[in-house]
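>>> Provided below for reference: sequence and predicted model.
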Amino acid sequence: MRFIEIKHLAPEHLPDAVELDRLCFGGLWAIEGYRRELDSPNSDLLGLWTWETEDCESGQHGADTHPVQNRAGTHHPPPLQIPPTLIGIGCLWAILEEAHIIMLAIHPQFQGQGLGQALLLALLKSACDRQLERSTLEVRDSNLAAVYLYKKFGFKEAGRRKRYYEDTGEDALVMWRSGQEKPEFQRYLAVEKVQMCDRLHQKNWHLAIDSCEF
Ligand SMILES: CC(C)(COP(=O)(O)OP(=O)(O)OC[C@H]1O[C@@H](n2cnc3c(N)ncnc32)[C@H](O)[C@@H]1OP(=O)(O)O)[C@@H](O)C(=O)NCCC(=O)NCCS
């Protein structure tokens, strides 16, 4: 079985974060940039790890290797067979009452399986825990996967920064999501989490119960 866990990065994870950054963004931040985020009380730097255990449905293993599912759809995973690998990274800055989502990426080999939305949901949960009322981000207008993902989670286009990206001269779309201070937002996150777990199960992913920060 394949498990995922989402939690805050720690200093020992930073070399893996830099490697993932290189794969996803061509080297946006060096290790010092990530260290600054860890040191900042206004920053949430989340990682998404995956690991595999031997398939317990093959019948070759005892009952003690079966994961135990709880009502939220998360699992107590059996012991590790392959060590966790960092395959996703997300970061937000808390500025006044706003969450500025400044990074979201999934390893190219793992995209399109619902992991990006799991990480975005975790960032929105962090924003909610910090009692931030709105979230905002900038995204290349050609980055349709990201734009669709953000729209799916209630972000709306609010404007455009002309020729914002120096490498291609592309515009940045500025997107906002409001209403996060309302009680409905917590309910929304809970419902989305259940749906997200269902979708992950269809792809044979299981959210480990130790994803306590999510
Ligand atoms: C953007 C990114 C994080 C999405 O992660 P992902 O794991 O591939 O996305 P998911 O599988 O969770 O998809 C969630 C939703 O995103 C949208 N989406 C994802 N990939 C898409 C694609 N290729 N085309 C259109 N929409 C797409 C869809 O709305 C999808 O929901 P649906 O499957 O119900 O239609 C990922 O593509 C990535 O890391 N890109 C490189 C880094 C980057 O550009 N980050 C954003 C910077 S602002």
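Yep, that arrived. Numbers count the residues shown, from 1 in each chain.
>>> Regarding the residue of the chain found nearest the ligand, what is its secondary structure?
The chain approaches the ligand most closely through G116 (2.1 Å), counting by C-beta to the nearest ligand atom. All C-beta spots, glycine's among them, are computed from the backbone N, C-alpha and C. Assigned by DSSP: H, G, I helix; E, B strand; the rest coil, the conformation of G116 is helix.
>>> ok, the residue lying closest to it once chain neighbours are set aside - contacts?
Leaving aside its chain neighbours, G116 sits nearest to I106 (4.8 Å; criterion: C-beta to C-beta, 6 or more residues apart in numbering). Contacts for I106 (C-beta atoms under 8 Å, 6 or more residues apart in numbering) come out as C24, L48, I87, G88, L115, G116, L119.
>>> Can you read off the pLDDT for I106?
pLDDT, I106: 98.
>>> Ok, H66 next?
On pLDDT, H66 comes in at 46.
>>> So that it lines up with my notes, have the first residue be 493 from now on.
In the new count, where the first residue is 493, that last one comes out as H558.
>>> re earlier: from N534, how far out is the residue nearest to G608?
24 Å (C-beta to C-beta, to the nearest Å).
>>> Near the ligand, which residues of this protein? Just list them.
Residues of the chain found near the ligand (C-beta under 6 Å from any ligand atom) are 516, 596-598, 603-609, 631, 635-638, 640-641, 644.
>>> Out of those residues, which sit inside strands?
Within the residues of the chain next to the ligand, residues falling in strands by DSSP state E are L596, A597, I598, V631.
>>> in terms of contact, does the second one touch C516 like I think?
Yep, that's A597 we're talking about. Yes: using C-beta atoms under 8 Å, A597 is in contact with C516, at 3.8 Å.
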